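Asks: okay, predicted coordinates and the sequence, questions at the end:
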Amino acid sequence: MGINASDIAALRAKTGAGMLDCKKALDEAAGDMDKALTYLKERGIAKASKKSSRIAAEGLLGIKVADTHASAAIVEINSETDFVAKNDNFISLVEKTTEQIFSNEVETVEALQETSYESGSFSEYFTEETAKIGEKIVIRRFLTLHAGENGAVNGYIHSNGKVGALVALKCDSVKTAELMAPMLRNVSMHISAMKPSVLSYTDFDPAFVEAETIGRIEATKKENEELVRLGKPLKNIPKYISRLQITDDVIAKETEQIKEELKAEGKPEKIWDNIIPGKLVRFMSDNTSLDAEEALLDQMYVIDDSLSVADAIKKEAEKHGGTAEIVQFVKYEVGEGIEKKACNLAQEVAEQLGE
């Protein structure tokens, strides 16, 4: 007797287990629903599915970088508690899942679950391990970066396993890419610490920049009110916050304003050309605060804060006789964006006893 879709749906409704798990259980049980239920319970699959309503916001990141730096993968796996995230079985599960993603180059959790693992599917392995651990475990997200021609990829995960990054570089040659790969780990470390949201200021949404500008100007005004009260120097109130706003016309108008100021100060016109560039640099610095905070290439490099990340990459590539530019990065932080459910101790105990 063949297994039909309605049988699979009925078993899934009773257990909450995945479609593939239900189909395999019915196949093993020759279509007998009770035996299929037993099959799932014995393997902890039904038990694991009961945890589906819980919130998993703790966990760890995993990372795998090819020896050649041609590709790298990063994955976030969540658990319900930080205690479980420190468990050896959970740590092993993260490592093996990361390796499976890297080796199979899958792009979705569904595709990952269907890959072969040992004598069965990866879904079976993952579900069995989840049952052993005893908490809801979720593969939340993962990504694989490929270096491409004349490129390199590297990554870093902080020692606590909670924050990490991958970064990809494009160079003028394979040789330059190979020599730049070690620095990419340091850039990944920078990303993990400084948490940029975009690669370049050109990636900002103009509407976001406009709204952020209004907010920052008002915040600076209020801060200055307090500085006045304390008798301290005031902060410059920015006209802009990103290079995205600073057009050629803006630069031209600022240059004319600087000239007017120099004229009013009685500075000889013959020295203006020596003064104006420095004032424009200061203008850019005062009016690109968003870039310096959120755009990776414009952030000051943590390992050498006299250089931006873009300039540090350029300097390192020139040292190797080539050119290089960062083309992509990804940053993961465990649990970011997950709203944790408030739960008092009595409620939590009651929920545990109710399983």
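Replies: Ah, there it is. Since this is a predicted model, take the numbers as computed values, not measurements.

Asks: strands of the stretch 201-350 of the chain, start to end?
Replies: 324-333 (DSSP state E, counting those that start in this stretch).

Asks: for the stretch 1-150 of the chain, same thing?
Replies: Going by DSSP E, counting those that start in this stretch, the stretch 1-150 of the chain shows strands at 58-65, 71-79, 116-117, 120-121, 138-146.

Asks: can I get those in CSV with mean pLDDT?
Replies: Listed next are those as CSV, based on pLDDT from 0 to 100:
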stretch, mean pLDDT
strand 58-65, 95
strand 71-79, 95
strand 116-117, 93
strand 120-121, 90
strand 138-146, 94
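
Asks: wait, which of those strands is closest to Gly231?
Replies: Within the strands of the stretch 1-150 of the chain, the stretch nearest Gly231 is strand 58-65; the backing value is 47.2 Å (CB to CB). Placement of C-beta: from N, CA and C, glycine included.

Asks: pairing partners for the closest one, with directions?
Replies: When pairing is defined by DSSP bridges, strand 58-65 lines up against strand 71-79 (antiparallel).

Asks: chain center to the strand it pairs with, what's the gap?
Replies: 10 Å (CA atoms, centre = their mean, to the nearest Å).

Asks: one step back: mind putting the strands of the stretch 1-150 of the chain into JSON lines with distance to Val163 and mean neighbour count?
Replies: Below are the strands of the stretch 1-150 of the chain laid out as JSON lines (distance: least, CB to CB, whole Å; neighbours: other CB atoms under 10 Å):
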{"stretch": "strand 58-65", "distance to Val163": "7", "mean neighbour count": "23"}
{"stretch": "strand 71-79", "distance to Val163": "10", "mean neighbour count": "24"}
{"stretch": "strand 116-117", "distance to Val163": "28", "mean neighbour count": "14"}
{"stretch": "strand 120-121", "distance to Val163": "31", "mean neighbour count": "14"}
{"stretch": "strand 138-146", "distance to Val163": "14", "mean neighbour count": "18"}
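
Asks: need those strands in CSV (columns: distance to Leu93).
Replies: As requested, those are arranged in CSV below (distance: least, CB to CB, whole Å):
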stretch, distance to Leu93
strand 58-65, 9
strand 71-79, 7
strand 116-117, 12
strand 120-121, 15
strand 138-146, 10
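
Asks: between those strands, which one is closest to Gly31.
Replies: That would be strand 120-121 among these, by CB to CB, at 20.2 Å.

Asks: adjacent strands (with direction) for the closest one?
Replies: When DSSP bridges is applied, strand 120-121 pairs with strand 116-117 (antiparallel).

Asks: need the contact partners of the partner strand.
Replies: 100, 122, 124-125 (CB atoms under 8 Å, 6 or more residues apart in numbering).
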